[in-house]
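# starting from these lines, generate the structure:
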Amino acid sequence: MENLKVTVSSPSNTERQLDMEVPREQFTDIYKDKVKKYSKELNLKGFRKGTVPKRLVEERFREQLVNETLEKLVQDTLQEACKEHNIQPVAPGNVEELKNEGDQPIVIKAILEVDQEIEINEYKELNVKPDEIEPISDEEVEDQINMYKKGLAKEEVKDGPGVEGDIVIGEYEAIKLDGAEQDLKDQKDFRVEIGKDKIAEFNKTFQGAKSGETKNITVNYPADHDDVQLAGKKGEYQVKIKEIKTRVEPEMDDEFAKKLNFDSMDALKGDIRKNMEQSRRFGTENKAHREAIEKIIEKHPFDVPKAKVKQYIEYGQKQQNGQMAGKSQEELEKEAEFALKRYRIIDQIAKKENIKATQAEVDEKITEMAGQYGMPFDDVKAALRKNGAIVNIREEIKEKKTLDFLIQA
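Take a look at the predicted model:
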């Protein structure tokens with residue numbers, strides 16, 4: 001773009017201000033092209049397509065033509081200025097001033113967000129090591145086995161009275177709130193685990209109850225009850241018990257272990273212990289990795305563009321990232337800033353130390369995935385290549401190797 005005048009300044013570490021002056025001729029050339037295009041493409045009554053006079057086009061669409069011309073001029077000018085001054089914006093720029101007066105040059109003032117230039121040097125003597133993991137106790141393994149038992153328990157109908165832990169299945173025959181009858185259309189059936197229901201009166205009533213019985217339950221809800229429709233009210237419930245079920249847990253023996261593809265319960269327990277140790281080790285390594293990054297940030301403080309922080313949070317929320325649930329905007333921004341700094345630090349150190357994922361490491365990860373999916377290695381690898389996911393695998397391996405390097409250096 002000839003005769004373009006650009007002055008670049010830095011209002012902050014992550015901003016570049018571009019004050020630009022564009023020759024009037026640039027505006028005129030784009031404007032004429034717009035008029036010519038309109039003239040060819042417009043369908044106006046009384047004219048064949050492509051024969052609308054340019055004079056008429058300008059009379060009817062002058063404001064729209066000027067706006068479109070300015071939009072393109074700004075876009076082209078920013079692109080040219082960024083290329084000339086080696087500016088790499090992380091988001092679309094914000095045009096703060098745009099002057100288009102008479103036959104004067106077009107004046108544009110824009111703010112662009114950029115990554116702050118950083119040079120990470122001090123990272124080899126961080127003195128960060130993972131904590132020694134506590135051995136997995138027999139009691140912890142047994143607790144995990146008991147969780148399996150509960151999770152695999154089957155519900156069976158019982159003839160006897162209900163006891164704590166049993167499931168009561170029934171229906172409401174009548175509900176009154178402060179004496180007013182309630183419509184049962186949408187809330188007739190219920191299911192209660194004795195001893196686990198939030199309403200103490202229900203737990204108490206169903207202790208010793210039997211199938212076929214009708215029970216009347218009165219509940220005086222406190223004023224600060226979670227459900228505002230019930231808070232401070234008196235609830236009267238008439239319920240009929242359809243059936244009572246008890247949970248029957250499987251016998252955790254060698255035969256059960258074989259159903260899970262283990263030779264014996266000892267083998268199953270060994271696998272549980274190994275997985276728990278891996279999980280515990282993963283936790284201590286993650287803690288050390290974060291501490292290492294925090295130390296590097298302390299040694300090399302730098303800022304993150306606000307646009308990047310916003311993009312990171314929006315992407316996480318769009319992906320329904322559970323780690324973002326229930327956090328304040330301030331907490332989200334803090335975590336986003338750390339994650340973005342972490343990425344840049346890892347990327348720079350990996351380049352300095354020539355840390356990469358080897359093909360053998362990638363194939364090992366794919367083999368692991370193939371085992372999880374129950375698919376042939378070649379099929380999984382072909383699918384990952386097709387959707388581009390192998391690049392992600394390489395990045396994940398590179399990241400882990402770089403972080404491990406930091407806590408071992």
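# hmm, residue 9 is touching residue 16, no?
Yes: shown here, residue 9 and residue 16 form a contact pair, counting by CB atoms under 8 Å, at 7.5 Å. Placement of C-beta: from N, CA and C, glycine included.
# give me the more crowded residue out of these two.
Higher neighbour count among residue 9 and residue 16: residue 16, with 21 against 9, using other CB atoms under 10 Å.
# now that one. Nearest residue, chain neighbours left out?
residue 112 (4.9 Å; CB to CB, 6 or more residues apart in numbering).
# likewise for residue 30?
residue 69 (4.8 Å).
# show me what contacts that neighbour?
Residues in contact with residue 69 (CB atoms under 8 Å, 6 or more residues apart in numbering) are 27, 30-31, 34.
# run the last query once more with 6 Å
30-31, 34 (CB atoms under 6 Å, 6 or more residues apart in numbering).
# quickly find the element holding it.
helix 54-84 (DSSP states H and E).
# cool, and residue 6?
strand 5-12.
# following element in sequence after that strand, please.
Using DSSP H and E, the helix or strand that follows strand 5-12 in sequence is strand 15-22.
# can I get the CA coordinates of that next one in PDB?
Output of strand 15-22 as PDB, limited to C-alpha atoms (Å, rounded to 0.1, in the frame of the first residue of the first chain):
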ATOM      1  CA  GLU A  15      -1.000  -3.800  23.200                       C
ATOM      2  CA  ARG A  16       0.100  -2.100  20.000                       C
ATOM      3  CA  GLN A  17      -1.400   1.200  19.000                       C
ATOM      4  CA  LEU A  18      -1.300   1.900  15.300                       C
ATOM      5  CA  ASP A  19      -1.900   5.500  14.200                       C
ATOM      6  CA  MET A  20      -2.300   5.300  10.400                       C
ATOM      7  CA  GLU A  21      -2.800   7.800   7.600                       C
ATOM      8  CA  VAL A  22      -4.100   6.400   4.300                       C
END
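# strands paired with that strand, and their directions?
Within its sheet, and counting by DSSP bridges, strand 15-22 is paired with strand 5-12 (antiparallel), strand 106-113 (antiparallel).
# for these, which one ends up most surrounded?
strand 106-113 (a mean of 19; mean count of other CB atoms under 10 Å).
# could you check the angle helix 54-84 makes with that one?
40 degrees (axes from the mean of the first three to the mean of the last three CA atoms, to 10 degrees).
# correct me if wrong, but residue 96 is in a strand.
Yes: Residue 96 forms part of a strand when assessed by DSSP: H, G, I helix; E, B strand; the rest coil.
# spatially, what comes nearest to it if we skip its sequence neighbours?
residue 109 (5.0 Å).
# residues in contact with the one you found?
19, 96-97 are the contacts of residue 109 under CB under 6 Å, 6+ apart.
# of the residues you listed, which is the nearest to residue 316?
Nearest to residue 316 among these, counting by CB to CB, is residue 96 at 29.4 Å.
# how near is that closest one to residue 144?
60 Å (CB to CB, to the nearest Å).
# out of the two, which sits in the more crowded spot?
Set side by side, residue 96 and residue 144 show more neighbours around residue 144, with 17 against 10, by other CB under 10 Å.
# now residue 209: phi and psi?
phi -70, psi 160 (degrees, to the nearest 10).
# can you point out the buried residues in the helix or strand encompassing residue 286?
Taking DSSP H and E as the definition, residue 286 sits inside helix 265-299. For helix 265-299, the neighbour count (16 or more other CB atoms under 10 Å) marks 265, 268-269, 272-273, 276, 280, 284-285, 288-289, 291-293, 295-297 as buried.
# show me where pLDDT drops low in the stretch 1-150 of the chain?
Within the stretch 1-150 of the chain, the stretches with pLDDT under 70 are 1-2.
# save the strands paired with strand 15-22 as a markdown table, and put in distance to residue 206 too.
Below are those laid out as a markdown table (distance: least, CB to CB, whole Å):
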| stretch | distance to residue 206 |
| --- | --- |
| strand 5-12 | 64 |
| strand 106-113 | 61 |
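# closest one to residue 140 among those?
strand 106-113 (48.9 Å).
# helices along the stretch 301-409 of the chain, start to end?
Along the stretch 301-409 of the chain, counting by DSSP state H, counting those that start in this stretch, helices occupy 306-318, 329-352, 359-373, 377-387, 389-408.
# turn those into JSON lines, columns for mean pLDDT and mean neighbour count.
Shown next, in JSON lines, are the helices of the stretch 301-409 of the chain (pLDDT from 0 to 100; neighbours: other CB atoms under 10 Å):
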{"stretch": "helix 306-318", "mean pLDDT": "91", "mean neighbour count": "15"}
{"stretch": "helix 329-352", "mean pLDDT": "95", "mean neighbour count": "16"}
{"stretch": "helix 359-373", "mean pLDDT": "93", "mean neighbour count": "13"}
{"stretch": "helix 377-387", "mean pLDDT": "93", "mean neighbour count": "13"}
{"stretch": "helix 389-408", "mean pLDDT": "95", "mean neighbour count": "16"}
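# JSON lines for these, including distance to residue 122?
Putting the helices of the stretch 301-409 of the chain into JSON lines (distance: least, CB to CB, whole Å) gives the following:
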{"stretch": "helix 306-318", "distance to residue 122": "24"}
{"stretch": "helix 329-352", "distance to residue 122": "11"}
{"stretch": "helix 359-373", "distance to residue 122": "28"}
{"stretch": "helix 377-387", "distance to residue 122": "37"}
{"stretch": "helix 389-408", "distance to residue 122": "11"}
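# alright, I will stop here.
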